[in-house]
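Engineer: okay, here's the prediction I keep looking at, along with the sequence it came from:
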Amino acid sequence: MKYDFPSRLKKLRLKKSMTMTQLAAETNLSYTSIQSWESGGRVPAATAVIILADFFGVTADYLLGRGEN
């Protein structure tokens, strides 16, 4: 299984024409965390994955690279 979270998060964010700062404000997640996740420097907690999946209208499995949406 390929860990695809960083690229999928960035793809979804750009599809909505959002900056990392805007995404952080909309989801109440920190800019620093979003930046770190997109760069692959850190792995998000399960709660953050759920928040992002709900925000983008995708499944957590999709965000984690376990399926297509």
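Structural biologist: Looks like it came in fine.

Engineer: stretch 3-13: which residues count as buried?
Structural biologist: 5, 6, 8, 9, 12, 13 (16 or more other C-beta atoms under 10 Å). For glycine as for every other residue, the C-beta is placed from the backbone atoms N, C-alpha and C.

Engineer: chain center to the stretch of helix or strand the second one belongs to, what's the gap?
Structural biologist: Yep, that's residue 6 we're talking about. Under the criterion of DSSP states H and E, residue 6 resides in helix 5-15. The chain centroid and the centroid of helix 5-15 are separated by 6 Å under C-alpha atoms, centre = their mean, to the nearest Å.

Engineer: same thing with stretch 20-39?
Structural biologist: The answer for stretch 20-39 is 8 Å, by C-alpha atoms, centre = their mean.

Engineer: rewinding a little: pull the CA atoms of the helix holding residue 6 into CSV?
Structural biologist: The C-alpha coordinates for helix 5-15 follow below in CSV (Å, rounded to 0.1, in the frame of the first residue of the first chain):
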residue,chain,number,x,y,z
PHE,A,5,-1.9,11.4,2.1
PRO,A,6,0.5,14.3,1.3
SER,A,7,-0.3,14.5,-2.4
ARG,A,8,-4.0,13.8,-1.9
LEU,A,9,-4.4,16.5,0.7
LYS,A,10,-2.6,19.0,-1.5
LYS,A,11,-4.7,18.0,-4.6
LEU,A,12,-7.9,18.5,-2.7
ARG,A,13,-6.8,21.8,-1.2
LEU,A,14,-5.8,23.2,-4.6
LYS,A,15,-9.0,21.9,-6.2
